[in-house]
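Enquirer: sequence and predicted model, in that order:
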Amino acid sequence: MSQNYGTKRIVTGAHYGLRDWLAQRITAALMALFTIVLLAQVIFGEPLSYYKWAGIFSHQWMKTLTFVVIVALLYHAWVGVRDIWMDYVKPVGARLALQVFTLVWLVGCAGWAIQVLWRL
């Protein structure tokens, strides 16, 4: 007779729970911090123009922070969308295709964002 409780219970699933929950919270906090820093620079000082906007991102620390936030956003979006695909798309082939499409799309968006950032 098989037991489905206690130390001999059969556990299934990907076991991403705590790690992904923590990653979502950390990346969200990092994106919120970045938003506050960016808003503070936009709100205070001279009126917003292209030159002010380019000036904000001309500093190396701001480019580095923006790069880190782009990577955090990429991971944050990946965890969220991957969980949606795992929860609601049951056919394995369709789920794999959607996950590959999502990865390609997110990497493409991150590449575009980094290209725009380094062009300033």
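Expert: It's in.
Enquirer: from here on, just use CA atoms for contacts and neighbour counts.
Expert: Fine.
Enquirer: just how off-centre is the helix-or-strand element of the chain with minimal mean pLDDT within its chain?
Expert: Every helix and strand of the chain was ranked by mean pLDDT, DSSP states H and E. The lowest is helix 50-56, at a mean of 89. In terms of C-alpha atoms, centre = their mean, to the nearest Å, the centre of helix 50-56 is found 25 Å from the chain centre.
Enquirer: report the buried residues of that helix.
Expert: Neighbour counts over helix 50-56 (16 or more other C-alpha atoms under 10 Å) mark residue 56 as buried.
Enquirer: quick one: list the elements packing against the helix or strand containing residue 105.
Expert: Using DSSP states H and E, residue 105 sits in helix 92-119. Under the contact definition 3 or more C-alpha pairs under 8 Å, 6 or more residues apart in numbering; DSSP states H and E, helix 92-119 sits against helix 60-88.
Enquirer: can you list the buried residues in the helix it packs on?
Expert: For helix 60-88, a neighbour-count test (16+ other C-alpha under 10 Å) marks 62-63, 66-79, 81-82, 85-86 as buried.
Enquirer: okay, angle between that helix and helix 92-119 too, please.
Expert: Angle, helix 60-88 to helix 92-119, by axes from the mean of the first three to the mean of the last three C-alpha atoms, to 10 degrees: 170 degrees.
Enquirer: what are the phi and psi values for residue 49?
Expert: phi -150, psi 170 (degrees, to the nearest 10).
Enquirer: kindly state the pLDDT recorded for it?
Expert: According to the prediction, residue 49 has pLDDT 90.
Enquirer: count of residues packed around it?
Expert: Close neighbours of residue 49, defined as other C-alpha atoms under 10 Å, add up to 10.
Enquirer: how near is residue 86 to residue 112?
Expert: 27 Å (C-alpha to C-alpha, to the nearest Å).
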